[in-house]
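[1] Whatever this is, show me its structure:
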Amino acid sequence: MNYSDQLVDSAERAGNIVCMGLDPSAQTLRGEGGSFFERATGSFSRLLGMMKEQDLEVAAFKPNIGYWQAEDHPRDGDFGGSRALSFILDLIDELFPHTPVILDSKRVDIQ
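    Presented below is the predicted three-dimensional model:
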């Protein structure tokens, strides 16, 4: 099955064509304390967990890698944004194993 077929299959299974963006905002996550990794993984774990509990399905997830990598500070050895994205992708695989992920790699909307 090619990727287009996977998207169609997922939309039919979910009963919708929703493509859910998963783009963190460091400003939005600031109030939760801890590192960006802790805040982002905690927030998105709760969100995805609630979706699973309420049996809410989307046709696809679409994280924008630029938002996650913007939180990396490689000269300091801090890759918290990339590590958080990897954690979220693993969580999606666990909770929504048949839902495709579209990894958005454009950078034009990252400020």
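[2] Please name the residues that touch the residue most central in space within the chain.
    In the chain, the residue lying closest to the centroid (Cα atoms, centre = their mean) is Leu22, at 3.9 Å. Listed by Cβ atoms under 8 Å, 6 or more residues apart in numbering, the contact partners of Leu22 are Phe44, Phe61, Lys62, Pro63, Asn64, Ile88. Where you see a C-beta, it was placed from the backbone N, CA and C, and this is true even at glycine.
[3] same thing but at 6 Å, please
    When contacts are counted by Cβ atoms under 6 Å, 6 or more residues apart in numbering, Leu22 is found next to Phe61, Pro63.
[4] ok, and the helix or strand in the chain with the lowest average confidence?
    helix 26-29 (a mean of 71; mean pLDDT, DSSP states H and E).
[5] Mind giving me the packing neighbours of the helix or strand following that one?
    Downstream of helix 26-29, the first helix or strand assigned by DSSP states H and E is helix 36-53. Here helix 36-53 touches helix 26-29, helix 80-95, going by 3 or more Cβ pairs under 6 Å, 6 or more residues apart in numbering; DSSP states H and E.
[6] what stretches of the protein score poorly on pLDDT?
    Scanning the chain for pLDDT under 70 picks out 26, 30-32, 109-111.
[7] Quick check: the nearest residue to Arg83 once chain neighbours are set aside vs Pro63, distance?
    Counting by Cβ to Cβ, 6 or more residues apart in numbering, the nearest residue to Arg83 once its immediate chain neighbours are dropped is Phe37, at 5.6 Å. Between Phe37 and Pro63 the distance is 15 Å, computed by Cβ to Cβ, to the nearest Å.
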